[in-house]
Every structure is written in C-alpha cells, then in structure tokens.
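Visitor: Please find the sequence and the predicted model below.
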Amino acid sequence: MIFGVGIDLVEVHRIRESFERFGTRFQHRVFTPDEVAFCETLPDRYLSYAARFAAKEAFSKALGTGLRGAISWTEIQVNDNERMRPTLTVSGRARRILRNRRVHISLSHTETYAAAIAIIEELRDGVPAPAQSTSR
C-alpha cells in the first residue's frame, strides 16, 4: 500500500547560485558529508547537488512533513551507487516519522533541470503489503 508520493523539479542554476551566494553555509545546511564527498568528485557537481536537493524535497512531500521545521535537510541522505538505483538513508525525526515504511526514489537530470520522485510504501509487520488485484 502506498503511504505517500512526492515529486520535485529543480533548476540547476538555482543550486549553483545558492552555492555562489552562501558557499559552505548552504552546503552544510542541506547536504550530508557523504553527499558532499560524492558530488565534489564529479565534473559538474551542481547537477548531482540539484538531484539530491530534489530528492530531499520529494521525500519530505511523500512523508507529509515538508522541510520547514518538522525534519531537517541533513536527516535525509541520498546514497548513490553507479551500478544500482539510488537509495535514501534517513535519521532523527525523519526516521521516527518514516517508521518501518520503505522508500523508493528515482532521480533524473539534464543540464538545466534535476527531478526526483519518492514513493513511500506502507509495510505490514515489516514486509511489503501483498499486491492488490483489480481483475473484473
């Protein structure tokens, strides 16, 4: 059963401008040290920062909290593996609200935009709910 769905679209230039204007203050407020370490190895780091920003927004929408005080940016971490789909690690208040639900995310970007979708799946006793059939 689906608990929540969130989607977000970010203009990459806005993330770049935030770095230029606020520097490491913005970086440390929004991204975890592991995310920074990953993004800083890339030729166009702003694409990956923007995708992570979008993923955090999408997750907070799916969770139903937003990012205005209920949870913080750094309680959400995007884990990237070039061979597998990205995953999220959540901590603190975000973890308590998420409880034992499962999160699915997908990221995408062009030179101009980054997008993310998050789907939170309700689990029953720690396992996914059985698929619902709608045959007629």
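Guide: Thanks, I have it.
Visitor: The residue nearest the centre of the chain: which element?
Guide: Nearest to the centroid of the C-alpha atoms of the chain, with distances taken as CA atoms, centre = their mean, sits residue 55, at 2.6 Å. When elements are assigned from DSSP states H and E, residue 55 belongs to helix 45-63.
Visitor: cool, and residue 93?
Guide: Per DSSP H and E: helix 92-98 holds residue 93.
Visitor: ok, whichever helix or strand comes after that helix: who's next to it in the sheet?
Guide: Per DSSP H and E, the first helix or strand lying C-terminal to helix 92-98 is strand 102-109. Strand pairing for strand 102-109, using DSSP bridges, gives strand 113-121 (antiparallel).
Visitor: tell me the average confidence for the partner strand?
Guide: Strand 113-121 shows a mean pLDDT of 97 in the predicted model.
Visitor: continuing past it, what's the next helix or strand?
Guide: strand 123-124.
Visitor: still on that earlier bit, looks like the residue nearest to the centre of the chain contacts residue 116 (just checking).
Guide: Yes. The pair residue 55 and residue 116 qualifies as a contact (CB atoms under 8 Å) at a distance of 4.0 Å. Where C-beta positions appear, they are placed from N, C-alpha and C, glycine not excepted.
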